[in-house]
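Asks: Predicted model and sequence below, questions to follow.
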Amino acid sequence: MESMLMIAAMIAIMYFFMIRPENKRKKQAQEMRDSLKKGDVITSIGGIVGKIVYVTPNNTVIIETSEDRVRLEIAKWAVSSLGVQSTEQAEPVKTETAETDKEAVSLDKAQTPEEEAK
């Protein structure tokens, strides 16, 4: 009886921590895609940023991507988000080995006080 209770508890934990949040995200994404309208600025899953000029009845949108009036027709499922998505560049990570190597070289070149006096 205890083993059945443990299995049920594990299934409940999996549901609340994995399945339910994923379903919420899918529902929010679908609501966002259903609410697309002319004039919205979107980012596609491929990183294309554009302004919607027409929403077709067959689940596609036509976007204008630049001042040159380049127009693309993309599927609604390919819309990632409203607005411009940007990723911030991470600063390069400084490795400690490079710094310690520089210190080791400078220590090798450093002269002892007796050598400096000569």
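Replies: Everything's here; your move. Numbers count the residues shown, from 1 in each chain.
Asks: From now on I want contacts and neighbour counts done on CA atoms only, so please keep to that.
Replies: OK.
Asks: what residues are up against residue 66?
Replies: Residue 66 makes contacts with residue 50, as judged by C-alpha atoms under 8 Å, 6 or more residues apart in numbering.
Asks: Just confirm it is within a strand.
Replies: No - checked against DSSP: H, G, I helix; E, B strand; the rest coil, residue 66 lies outside a strand; its state is coil.
Asks: What average pLDDT does stretch 59-67 get?
Replies: Average pLDDT, stretch 59-67: 91.
Asks: Buried residues, that stretch. List them.
Replies: 60, 61, 62, 63, 64, 65 (16 or more other C-alpha atoms under 10 Å).
Asks: How about stretch 28-46?
Replies: 29, 33, 36, 41, 42, 43, 44.
Asks: Among those, which lie within helices?
Replies: Assigned to helices by DSSP state H, the following of the buried residues of stretch 28-46 qualify: 29, 33.
Asks: still on that earlier bit, got the buried residues of stretch 59-67 as a markdown table, with distance to residue 74 columns?
Replies: A markdown table is the format used below for those (distance: C-alpha to C-alpha, whole Å):
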| residue | distance to residue 74 |
| --- | --- |
| 60 | 6 |
| 61 | 6 |
| 62 | 6 |
| 63 | 8 |
| 64 | 11 |
| 65 | 12 |
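Asks: can you list the domains in this protein?
Replies: For the chain, the structural domains run 1-35, 37-88, going by automatic domain parsing.
Asks: Check the offset of the longest one from the chain's centre.
Replies: Offset of domain 37-88 from its chain centre (C-alpha atoms, centre = their mean, to the nearest Å): 18 Å.
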